[in-house]
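Novice: what follows is a predicted protein model with its sequence.
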Amino acid sequence: MAAPLGCGYGDLVLASSRAVDDDEEEEEGSQNPSPSAVLRWSAQAKQEISESPNDCIECSALIVSIGPVATGFIHTYLLHQETEILGMIGSGLSEDTCNTFQQTSPADATCFLHRLKSAPSVILCQCNVDVPPEMMFSWTQQLFSCINIRNTYVGILASTPVSEYRSSISLSDVTVPFLRGLKTNQFHGKPVCPYLEQPNTAKGLPASVLTHCQVYRVPAVLYMCYSDSIYVEIPAIKAFLPVLKGTPFRDIVQENPHADITLRKLVELRALQNNLYT
Amino acid sequence: MSSRYDRAITVFSPDGHLFQVEYAQEAVKKGSTAVGVRGKDIVVLGVEKKAIAKLQDERTVRKICLLDDHVAMAFAGLTADARILINRARVECQSHRLTVEDPVTLEYITRYIATLKQRYTQSNGRRPFGISCLIVGFDYDGTPHLYQTDPSGTHHEWKANATGRSAKTVREYLEKHYTDEVADSDAESIKLALKALLEVVQSGSKNVELAVMRRDEPLKMLSVDEIEKIMAEVEKEKEEEAEKKKKTKTS
């Protein structure tokens, strides 16, 4: 039984040659200019924006959750109250991107902006989309484009694998999952968890949003959950619980008596597709 | 540093690690918990059942399987790897019967599985098996055994052990509560396996599967009713203990 060289090589990459005339039409058609993210408002939100004095939605608290663990947390502990969908941010036009307001299953790759009916100045952005790096800047720009952030507190929740966490302590001595925080200069409180130690950095979309807040002097706090599972698990979601005691969450959270049931359904929704491990 | 030495299985890192083997052990932790208890006259296997999709047939997702009439195995880790190992072990059990006219001993079949796993940590182009097995059964002379193997190819005999997600918690529970008295009683051994599993299983008896094997008897999978009956007993015992504690506090 012939086995390929066990060094990670062995993938054949077919290089395209400039010496050979490829079909030019095909090339032109397939090379779209790099797309940017687009924020689409619902009809009601559009009307609100046009009627407002500064063409903006008023917002006192903006919660941005990125990834299935963070969105699962917000879905369970904040979105059980009555909400309405204000808009969505679309990041691309490939076949599997969602660009409608109809797909509201929590496991779908969607990015909706919700608003709490009980607290209309609170906007929650649930981003379940894998935003590609080249779109992160435009995504962030779009998010803040029509939201009045002058008096806004921003909370960002995200999760990342614990294998990316660098520390002098051995990982077997740390209870996983755990939270680490970062904040902007304007955020005068303290995060509810330890600061993210050097040499670790926040990466990707959470970093993009936090940087935007730092540059535009918006008080913002980022909570990063390090978990050891690539799948959504209840301990990882519950690791975010201390966050509910801090700004800007504590003023808007309402007890959810069915939290455990919601969590279990959420985890099952995603776990049923996973057959790799038994 | 580790990333330079973890691509090929055959490469040691400067400090003596075989990273692929260690990563395989992480893959084991992704599987749901399996627990094994060896009693005097009984061996028990308990596993956390995976939730299955509505349209999926439950019988195809089995964590406990028979290797021979007198040998059963539970595993945690990569499903497909387990299937391959189980097939090889089953063939070996029959081949042994035909060749030496005796059923395999637990030690023999465990050593066979462990040797197979070790071979995959020492050849190029192959990755280790990402599963850890708990092998239980009775030898021909009637002694019960419980063995555990892991992706590195090591195997050890245990009185009680757990593998998979949260195995550490379950093992600590077993260390606290396993006694010779428990091992002497079939019912207590089964209860111990169930209680240990319930420490980490997320919800109730519907998510637990128990299998027992008694001397000279085939493997028996406990039905949902039987498991619920044992759970009710466990709950009653808990309540009685709580009552006792209250009484000693007030008196």
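Specialist: Okay, I see it. Numbers count the residues shown, from 1 in each chain, chains lettered A, B, ... in the order given.

Novice: what count of nearby residues applies to residue 43?
Specialist: I went with chain A, as the question did not name one. Here the number of neighbours of A:Ala43 (other Cβ atoms under 10 Å in any protein chain shown) works out to 8. The C-beta positions use only the backbone N, C-alpha and C, and glycine is treated the same way.

Novice: switch to chain B, that's the one I care about
Specialist: 27.

Novice: contacts only, for it.
Specialist: B:36-37, B:72, B:136-138, B:144-146, B:212-213 (Cβ atoms under 8 Å, 6 or more residues apart in numbering or on different chains).

Novice: what about the closest residue to chain A within the stretch 101-250 of chain B, which helix or strand?
Specialist: Using Cβ to the nearest Cβ, the single residue of the stretch 101-250 of chain B nearest to chain A is B:Gly125, 3.2 Å away. Under the criterion DSSP states H and E, no helix or strand holds B:Gly125.

Novice: distance-wise, check it relative to A:Trp139.
Specialist: 42 Å (Cβ to Cβ, to the nearest Å).

Novice: now B:Asp180
Specialist: Counting by Cβ to Cβ - B:Asp180 and A:Trp139 are separated by 63 Å.

Novice: residues in a beta bridge with the spatially most central residue of chain A, which ones?
Specialist: Computing the C-alpha centroid of chain A and ranking residues by Cα atoms, centre = their mean puts A:Ile66 first, at 1.3 Å. With DSSP bridges as the criterion, A:Ile66 is bridged to A:Cys127, A:Ala158.

Novice: nearest residue to A:Tyr216 in space, please, no chain neighbours.
Specialist: Distances taken as Cβ to Cβ, 6 or more residues apart in numbering or on different chains place A:Ile149 nearest to A:Tyr216, at 6.9 Å, with adjacent residues excluded.

Novice: columns neighbour count on top of the contacts of B:Val43, output as JSON lines?
Specialist: Compiled in JSON lines, the contacts of B:Val43 are given as follows (neighbours: other Cβ atoms under 10 Å in any protein chain shown):
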{"residue": "B:Gly36", "neighbour count": "29"}
{"residue": "B:Val37", "neighbour count": "30"}
{"residue": "B:Ala72", "neighbour count": "23"}
{"residue": "B:Val136", "neighbour count": "28"}
{"residue": "B:Gly137", "neighbour count": "27"}
{"residue": "B:Phe138", "neighbour count": "23"}
{"residue": "B:Pro144", "neighbour count": "20"}
{"residue": "B:His145", "neighbour count": "18"}
{"residue": "B:Leu146", "neighbour count": "23"}
{"residue": "B:Val212", "neighbour count": "23"}
{"residue": "B:Met213", "neighbour count": "22"}
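
Novice: so which bits of chain B are right by chain A?
Specialist: B:7-10, B:27, B:29-32, B:50-53, B:56, B:61, B:63, B:75-80, B:82, B:123-126, B:202-203 (Cβ under 8 Å from any Cβ of the partner chain).

Novice: which stretches in the stretch 151-278 of chain A count as strands?
Specialist: Assigned by DSSP state E, counting those that start in this stretch, the strands in the stretch 151-278 of chain A fall at A:153-161, A:178-183, A:220-227.

Novice: would you show me how to pick out the buried ones of the residues of chain B next to chain A in ChimeraX?
Specialist: The buried residues among the residues of chain B next to chain A can be selected in ChimeraX (16 or more other Cβ atoms under 10 Å in any protein chain shown) with this line:
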select /B:8,9,27,29,30,31,32,50,51,52,63,75,76,77,78,79,82,126,202
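
Novice: count of neighbours near residue 90?
Specialist: Just so you know, I chose chain A. Neighbours of A:Gly90 (other Cβ under 10 Å): 21.

Novice: wait, I meant chain B there
Specialist: 17.

Novice: that one reaches B:Asp68, doesn't it?
Specialist: Yes - assessed by Cβ atoms under 8 Å, B:Arg90 is found in contact with B:Asp68 at 7.2 Å.

Novice: start and end of stretch B:33-43, how far apart?
Specialist: 17 Å (Cα to Cα, to the nearest Å).

Novice: quick one: name whatever helix or strand follows the worst-scoring helix or strand of chain A on mean pLDDT.
Specialist: When each helix and strand of chain A is scored by mean pLDDT, DSSP states H and E, helix A:24-30 comes last, with a mean of 51. The helix or strand immediately downstream of helix A:24-30 is strand A:38-41, counting by DSSP H and E.

Novice: just the element for B:Glu175, please.
Specialist: helix B:167-177.

Novice: which of the strands of the stretch 151-278 of chain A sits most buried?
Specialist: Comparing the strands of the stretch 151-278 of chain A on average neighbours per residue, with mean count of other Cβ atoms under 10 Å in any protein chain shown, the densest one is strand A:220-227 at a mean of 25.

Novice: thinking again about what came up before, thought the residue nearest to A:Tyr216 was touching A:Ala61?
Specialist: No - applying Cβ under 8 Å, one finds A:Ile149 not in contact with A:Ala61, separated by 10.5 Å.

Novice: mind checking the SS state of B:Arg62?
Specialist: Three-state assignment for B:Arg62 (DSSP: H, G, I helix; E, B strand; the rest coil): coil.

Novice: right, I mislabeled it, should have said B:Ala211
Specialist: strand.

Novice: still on that earlier bit, distance of the residue nearest to the centre of chain A from A:Lys238?
Specialist: From A:Ile66 to A:Lys238 the distance is 18 Å (Cβ to Cβ).

Novice: list the contacts of the closest residue to B:Ala53 other than its chain neighbours.
Specialist: Nearest non-adjacent residue to B:Ala53, counting by Cβ to Cβ, 6+ apart: A:Leu272, 4.3 Å away. A:Leu272 is in contact with B:51-53, B:56, counting by Cβ under 8 Å, 6+ apart.

Novice: which residues of the stretch 101-250 of chain B fall in helices?
Specialist: Counting by DSSP state H, counting those that start in this stretch, the stretch 101-250 of chain B has these helices, from start to end: B:106-119, B:167-177, B:180-184, B:186-198, B:224-250.

Novice: that should have said the stretch 51-200 of chain A, apologies.
Specialist: Under DSSP H, counting those that start in this stretch, the stretch 51-200 of chain A gives helices at A:68-77, A:136-143.

Novice: pLDDT weak spots in the stretch 1-150 of chain B?
Specialist: B:1-9 (pLDDT under 70).

Novice: what about the strands in it?
Specialist: B:34-38, B:42-48, B:64-68, B:71-77, B:131-138, B:144-149.

Novice: and the contacts of the third one?
Specialist: Taking Cβ under 8 Å, 6+ apart as the criterion, the residues outside strand B:64-68 that touch it are B:34, B:45, B:47, B:72-74, B:86, B:89-90, B:93-94, B:97, B:103-104, B:109, B:135, B:137, B:209, B:211, B:219, B:221.

Novice: can I get the buried part of those as one ChimeraX selection?
Specialist: In ChimeraX syntax, the buried subset of the contacts of strand B:64-68 is picked out as below (16+ other Cβ under 10 Å):
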select /B:34,45,47,72,73,74,86,89,90,93,103,104,109,135,137,209,211,219
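
Novice: end to end, how far does stretch B:59-70 reach?
Specialist: 21 Å.

Novice: how distant is that stretch from the center of its chain?
Specialist: 12 Å (Cα atoms, centre = their mean, to the nearest Å).

Novice: what about A:Pro257, how many residues nearby?
Specialist: Based on other Cβ under 10 Å, the number of other residues close to A:Pro257 is 7.

Novice: list the contacts of it.
Specialist: A:Pro257 neighbours (Cβ under 8 Å, 6+ apart): none.

Novice: keeping just the C-alphas, turn stretch A:138-155 into PDB.
Specialist: C-alpha atoms of stretch A:138-155 as PDB (Å, rounded to 0.1, in the frame of the first residue of the first chain):
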ATOM      1  CA  SER A 138     -15.600  47.600   5.300                       C
ATOM      2  CA  TRP A 139     -17.700  45.400   7.600                       C
ATOM      3  CA  THR A 140     -16.700  47.600  10.600                       C
ATOM      4  CA  GLN A 141     -17.200  50.800   8.600                       C
ATOM      5  CA  GLN A 142     -20.700  49.600   7.600                       C
ATOM      6  CA  LEU A 143     -21.600  48.700  11.100                       C
ATOM      7  CA  PHE A 144     -20.800  52.100  12.500                       C
ATOM      8  CA  SER A 145     -22.100  54.000   9.400                       C
ATOM      9  CA  CYS A 146     -25.600  54.800  10.600                       C
ATOM     10  CA  ILE A 147     -25.400  54.300  14.300                       C
ATOM     11  CA  ASN A 148     -24.900  57.400  16.400                       C
ATOM     12  CA  ILE A 149     -22.000  56.300  18.700                       C
ATOM     13  CA  ARG A 150     -21.500  59.600  20.400                       C
ATOM     14  CA  ASN A 151     -22.900  58.300  23.700                       C
ATOM     15  CA  THR A 152     -22.600  54.600  23.100                       C
ATOM     16  CA  TYR A 153     -21.000  51.900  25.100                       C
ATOM     17  CA  VAL A 154     -19.800  49.000  22.900                       C
ATOM     18  CA  GLY A 155     -19.500  45.500  24.100                       C
END
